[in-house]
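> Attaching a predicted model along with its sequence, questions to come.
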Amino acid sequence: MTIDEELSLLESQLRRLKIEYEMYFSNPTKKPPTDVEWKVLSMLRKFSDGARLSFAQRFRYNEMAQRYAIYSDLWRKKSRIREEGYRRPQDALLSVQGVRAEEPEPERKVYGVSQAALAVAAAAAGTDTGAITVQCSDARSEHDRVAKLYHALTEAKKKAGEAVTGNLDSFTSFVQKKTDQIRKEYNCPTVEYTVEMQNGQVRLKARAKI
C-alpha cells in the first residue's frame, strides 16, 4: 500500500470514528468506538515524524492530525458530560452542536487533549511564533499572495535547516487545489494560510474564513 493510499485509509477511518462517536453520544447503551480510535491513533503515530512524506502528504497528514485533536478534546468533554450529567447551560449546547462548529478553524490551539493525541497532532499544540498569514480565494489570479506565501515558507524552512522541495509553480497548483477543496467543503469565500514555527518545525496551515 502506498503512502497516499494509507493516508486515504486514515481519512476514511477518521470519518468513521466521527460517525461512531456521534452514534455513541446519541445512544445511552452504546459503547465508545475504542477499536476504531485505536486504529486512527496507530496510523497517526506511524506518520508523526513526517520523514517519508512529501510536502503535500505532510500537509494532508497535519490537517487530519489537527482534526483528530479537536475531535478528541470535544469527545472527552462530551463523555464527561454524559457521565456526570449536564451542570451548565453551555454543556447542553455542546451536546447539540457536536464537532461541526469547531471544523472551520482546525488549527486553533486545543486545551485538554490527552498527551497521546497531542503527540501525534503536534501541529495543534505548542506556542506559535513568527507566523505569516495570507488569505487566498483563487491562487491562479492571486500571484502576489501565493508568491509571498511560497517565499515565506521556503525562507522559514531554510532558517530551520529543512529541505526545500518543489518550485513556485508546483506550490501554486497545490494551493489552488487545497483552496478549492476547503472552499467547497466549508462553503467559504476565502482560505487563510499561515506559515509558522511549531516545536522547532515549519508548518503551513489552512483555515476556512467564513
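Alright, I've got the coordinates. Residues are numbered from 1 along each chain as shown.

> Please count neighbours and contacts with C-alpha atoms only from this point.
Fine.

> so Ser173, which of the three states?
Secondary structure, DSSP: H, G, I helix; E, B strand; the rest coil: Ser173 is helix.

> show me the contacts for it.
Ala139 (CA atoms under 8 Å, 6 or more residues apart in numbering).

> per-residue confidence at it?
The model reports Ser173 with a pLDDT of 87.

> Same question for Val110.
In this prediction Val110 is given a pLDDT of 35.

> Could you do Ala119 as well?
What the model reports as pLDDT for Ala119 is 43.

> so where do the helices sit in this structure?
3-26, 34-46, 55-84, 89-97, 115-120, 143-160, 168-186 (DSSP state H).

> most tightly surrounded among those?
helix 55-84 (a mean of 19; mean count of other CA atoms under 10 Å).

> Quick check: Met165 touching Phe55?
One correction, residue 165 is Thr, not Met. Yes: between Thr165 and Phe55 a contact is recorded at 7.5 Å, counting by CA atoms under 8 Å.

> In this protein, where is pLDDT below threshold?
28, 82-131, 199-200 (pLDDT under 70).

> Got the domain ranges for it?
3-123, 127-209 (automatic domain parsing).

> Distance-wise, check Thr2 relative to Arg145.
33 Å (CA to CA, to the nearest Å).

> Put the alpha carbons of stretch 62-74 into CSV.
Taking Å, rounded to 0.1, in the frame of the first residue of the first chain, the C-alpha atoms of stretch 62-74 are listed here in CSV:
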residue,chain,number,x,y,z
ASN,A,62,-1.1,17.6,9.6
GLU,A,63,-4.7,18.6,8.6
MET,A,64,-6.1,15.2,9.8
ALA,A,65,-3.9,15.2,12.9
GLN,A,66,-5.3,18.6,13.9
ARG,A,67,-8.8,17.5,13.2
TYR,A,68,-8.4,14.4,15.4
ALA,A,69,-7.0,16.5,18.2
ILE,A,70,-10.1,18.8,18.1
TYR,A,71,-12.5,15.9,17.9
SER,A,72,-10.7,14.2,20.8
ASP,A,73,-11.0,17.2,23.0
LEU,A,74,-14.7,17.6,22.2
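
> Quick one: residues contacting the spatially closest residue to Glu20 that is not a sequence neighbour.
Using CA to CA, 6 or more residues apart in numbering and skipping the chain neighbours, the partner closest in space to Glu20 is Pro33 (6.2 Å). Contacts for Pro33 (CA under 8 Å, 6+ apart) come out as 17, 20-21, 24.

> which among these gets closest to Ser137?
The nearest member of the contacts of Pro33 to Ser137, counting by CA to CA, is Leu17 at 30.8 Å.

> follow-up on the earlier one: and the residue nearest to Glu20, backbone torsions?
The phi/psi pair for Pro33 (degrees, to the nearest 10) reads phi -80, psi 60.

> circling back: got the helices of the chain as JSON lines, with distance to Gln201 columns?
JSON lines is the format used below for those (distance: least, CA to CA, whole Å):
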{"stretch": "helix 3-26", "distance to Gln201": "21"}
{"stretch": "helix 34-46", "distance to Gln201": "17"}
{"stretch": "helix 55-84", "distance to Gln201": "12"}
{"stretch": "helix 89-97", "distance to Gln201": "33"}
{"stretch": "helix 115-120", "distance to Gln201": "14"}
{"stretch": "helix 143-160", "distance to Gln201": "7"}
{"stretch": "helix 168-186", "distance to Gln201": "19"}
